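J.: sequence plus the predicted model coming up.
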Amino acid sequence: MDLGTEVCKASAFTLDGRLVHRVSFEQKTYYPNAGWAEQDPEEWWHNVSRALKCLTRRVGRERISGVGISGQMEGPTLLDRYGDQLRSCIIWADMRGE
């Protein structure tokens, strides 16, 4: 599973590294003002769930023996004390800190 800036990808490989199946879904980046770059963590979760469901249906849950996960860098998701998202995630491409 790779949650990247532009695409959420999930791939299944054999134990010797041969690709079995791959799915991907686009990630939207929002630019509400000049120099700003944000993403919606709810969309991340939707895409990750969707990708894993598609991949598991295609490959078969019983054939999965391990999971590796990577994600985009420096993208904090701010939550309140109830675990609810406070705002969109300001991603690495955002320039307002300059």
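T.: Yes, it's here.
J.: show the average pLDDT along stretch 85-93.
T.: Averaging pLDDT along stretch 85-93 gives 93.
J.: pull out the buried residues from that stretch.
T.: By neighbour count with 16 or more other C-beta atoms under 10 Å, stretch 85-93 contains the buried residues 88-91, 93. Quick note: C-beta positions are derived from backbone N, CA and C, even for glycine.
J.: contacting residues for the closest residue to Pro41 other than its chain neighbours?
T.: Distances taken as C-beta to C-beta, 6 or more residues apart in numbering place Thr77 nearest to Pro41, at 4.6 Å, with adjacent residues excluded. Shown in contact with Thr77 (C-beta atoms under 8 Å, 6 or more residues apart in numbering): 41, 85, 89.
J.: ok, the second one touching Trp44?
T.: By that I understand Gln85. No. Using C-beta atoms under 8 Å, Gln85 is not in contact with Trp44, being 10.6 Å away.
J.: which neighbours do these two share?
T.: With C-beta under 8 Å, 6+ apart, Gln85 and Trp44 have no common neighbours.
J.: ok so, going back, distance of the residue nearest to Pro41 relative to Arg96?
T.: Noted for Thr77: a distance of 17 Å to Arg96, by C-beta to C-beta, to the nearest Å.
J.: can you pull out the strands in this structure?
T.: Shown for the chain, the strands assigned by DSSP state E span residues 2-3, 7-13, 19-26, 38-39, 70-71, 89-90.
J.: contacts for the first one, please.
T.: Contacts to strand 2-3, defined as C-beta under 8 Å, 6+ apart, come from residues 8-11, 27, 44, 47-48, 69-72.
J.: hmm, 7 Å instead?
T.: With contact meaning C-beta atoms under 7 Å, 6 or more residues apart in numbering, strand 2-3 is reached by 9, 44, 48, 70-72.
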